[in-house]
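Student: Requesting a structural model of the entry that follows:
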Amino acid sequence: MNQAEQLYKKLEKLATEQRNESSLEIDVASADEIVTIINQEDQKVAQLVSRRLNVIAEAVEMISESFNLGGRLLYFGAGTSGRLGVVDASECPPTFGSDPDQVQGFIAGGKEAMYTAKEGAEDLEENGEEEIRDREIFPPDVVCGLAASGRTPYVIGAINEAKKRGCKTILVTTVPKEQLEVEPDFIIDVPVGPEVVMGSTRMKSGTAQKMVLNMLTTGAMIRQGKVYENVMVDLQLTNKKLVERAKRIITMFTNLNYEEASSYLIEADNHVKTALVMAIGKVEKNEAKDVLSRNKGFIRKAIEELSVK
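Tutor: Residues are numbered from 1 along each chain as shown. Below you'll find the predicted structure:
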């Protein structure tokens with residue numbers, strides 16, 4: 001059996017490549033019926049993700065520990081999966097004030113593949129291996145592969161090369177782990193079953209992966225002190241909307257009015273966490289920075305320390 005025939009046989013068995021009984025007549029359905037079928041299938045995804053919360057939580061803790069050691073979280077994927085990784089990574093700096101290098105996304109075929117499909121770029125494990133080598137990825141970096149099918153060669157190559165180097169590895173997939181031929185440290189398998197349109201893994205598979213990635217980065221960033229109560233307080237003020245959001249955050253946690261909040265923000269060099277500790281703890285900027293540093297950026301802990309003085 002040649003390589004093409006082997007691939008055909010593997011695809012034949014994949015859950016994501018089966019036909020969905022609920023959408024067999026979608027080609028003659030009305031618009032109303034089409035969106036209803038899609039919505040009913042999408043509603044199953046959150047419940048399926050909930051069955052993997054234990055391993056997702058373990059991965060969150062591991063990523064946070066990696067960040068503590070100066071490590072990075074690096075996503076590798078192709079097609080929709082790769083684009084989801086790039087998007088999740090790109091949203092971390094403005095949301096959490098993280099260094100752009102701390103979470104990065106790589107897609108088979110490079111930047112152009114974000115906009116134009118380059119499906120052949122995913123077909124060689126060597127491409128994933130080379131990406132790991134070129135990016136000088138070593139512990140304590142974490143490599144997270146994203147592959148709906150669980151078999152994308154580019155992703156498998158990246159995971160295997162990262163493992164050889166001693167890095168912790170994760171695979172996010174939407175087929176059962178029994179169908180996998182790779183052994184990462186953490187397998188987050190969310191078997192969503194057949195797509196509404198057979199093989200279109202940008203649908204339920206994409207939704208499931210997006211939900212998991214939200215948990216991984218949001219959870220790890222919360223564990224890094226990037227959130228106070230349930231508010232993101234380490235945002236980068238890169239546009240007018242975010243500047244105004246920062247002022248609103250300060251007024252929300254204090255008795256300050258708009259002008260006073262603006263003044264604190266300026267005095268804190270536009271660093272929201274420093275401004276909040278200054279305002280709540282009634283301290284000067286340098287002391288606010290010091291107490292935040294001692295408490296690893298956690299506002300609640302910093303304020304508790306100031307309150308017992």
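Student: Secondary structure element holding S149?
Tutor: In this structure, S149 sits in neither a helix nor a strand according to DSSP states H and E.
Student: Check T251 too.
Tutor: Short version: T251 belongs to helix 240-253, going by DSSP H and E.
Student: buried residues in that helix?
Tutor: For helix 240-253, a neighbour-count test (16 or more other CB atoms under 10 Å) marks L242, R245, A246, K247, I249, I250, T251, F253 as buried. Using the backbone N, CA and C atoms, a C-beta is placed for each residue, glycine as well.
Student: Just send these back as JSON lines, with distance to G105 too.
Tutor: Putting the buried residues of helix 240-253 into JSON lines (distance: CB to CB, whole Å) gives the following:
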{"residue": "L242", "distance to G105": "22"}
{"residue": "R245", "distance to G105": "25"}
{"residue": "A246", "distance to G105": "26"}
{"residue": "K247", "distance to G105": "31"}
{"residue": "I249", "distance to G105": "28"}
{"residue": "I250", "distance to G105": "32"}
{"residue": "T251", "distance to G105": "35"}
{"residue": "F253", "distance to G105": "33"}
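Student: Columns pLDDT on top of those, output as CSV?
Tutor: CSV is the format used below for the buried residues of helix 240-253 (pLDDT from 0 to 100):
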residue, pLDDT
L242, 90
R245, 94
A246, 94
K247, 95
I249, 96
I250, 96
T251, 96
F253, 95
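Student: ok, the residues you listed vs T36, which is closest?
Tutor: R245 (36.3 Å; CB to CB).
Student: what about T152, distance to G82?
Tutor: 9 Å (CB to CB, to the nearest Å).
Student: Please enumerate the shared neighbours of these two.
Tutor: Residues touching both T152 and G82 (CB atoms under 8 Å, 6 or more residues apart in numbering) are A108.
Student: show me what contacts K301?
Tutor: Per CB under 8 Å, 6+ apart, neighbours of K301: G225, N295.
Student: go with 7 Å
Tutor: For K301, the contacting residues are N295, taking CB atoms under 7 Å, 6 or more residues apart in numbering as the criterion.
Student: same deal with T173?
Tutor: Contacts here follow CB under 7 Å, 6+ apart; on that basis T173 touches A147, A148, G150, L180, D189.
Student: hmm, back to that, immediately after the helix holding T251, which helix or strand?
Tutor: Later in the chain than helix 240-253, the nearest helix or strand by DSSP H and E is helix 258-267.
Student: Report the buried residues of that next one.
Tutor: For helix 258-267, the neighbour count (16+ other CB under 10 Å) marks A261, S262, S263, Y264, L265, E267 as buried.
Student: which regions of the stretch 51-200 of the chain lie under the pLDDT threshold?
Tutor: When residues are selected by pLDDT under 70, those of the stretch 51-200 of the chain lie in 119.
Student: Now the residue most central in space within the chain: which helix or strand?
Tutor: Computing the C-alpha centroid of the chain and ranking residues by CA atoms, centre = their mean puts L213 first, at 3.1 Å. Under the criterion DSSP H and E, the helix or strand holding L213 is helix 204-222.
Student: now for that helix, which elements pack on it?
Tutor: For helix 204-222, the elements it packs on are helix 31-50, helix 53-68, helix 79-96, judged by 3 or more CB pairs under 7 Å, 6 or more residues apart in numbering; DSSP states H and E.
Student: for V143, helix, strand, or coil?
Tutor: Under DSSP: H, G, I helix; E, B strand; the rest coil, V143 falls in the strand class.
Student: That one: what's it in contact with?
Tutor: Neighbour list for V143: L74, F76, I137, A158, I159, A162, C167, T169 [criterion: CB under 7 Å, 6+ apart].
Student: okay but the fourth one is in contact with N127, surely?
Tutor: No - contact between A158 and N127 fails when scored by CB atoms under 7 Å: they sit 8.5 Å apart.
Student: between the two, which one's more packed in?
Tutor: A158 (31 against 20; other CB atoms under 10 Å).
Student: Let me see the backbone angles for that one.
Tutor: Here the main-chain torsion angles of A158 (degrees, to the nearest 10) amount to phi -60, psi -40.
Student: How many residues are close by the residue lying closest to it once chain neighbours are set aside?
Tutor: For A158, ignoring the flanking residues on the chain, the nearest one in space by CB to CB, 6 or more residues apart in numbering is G128 at 3.4 Å. By other CB under 10 Å, 28 other residues sit near G128.
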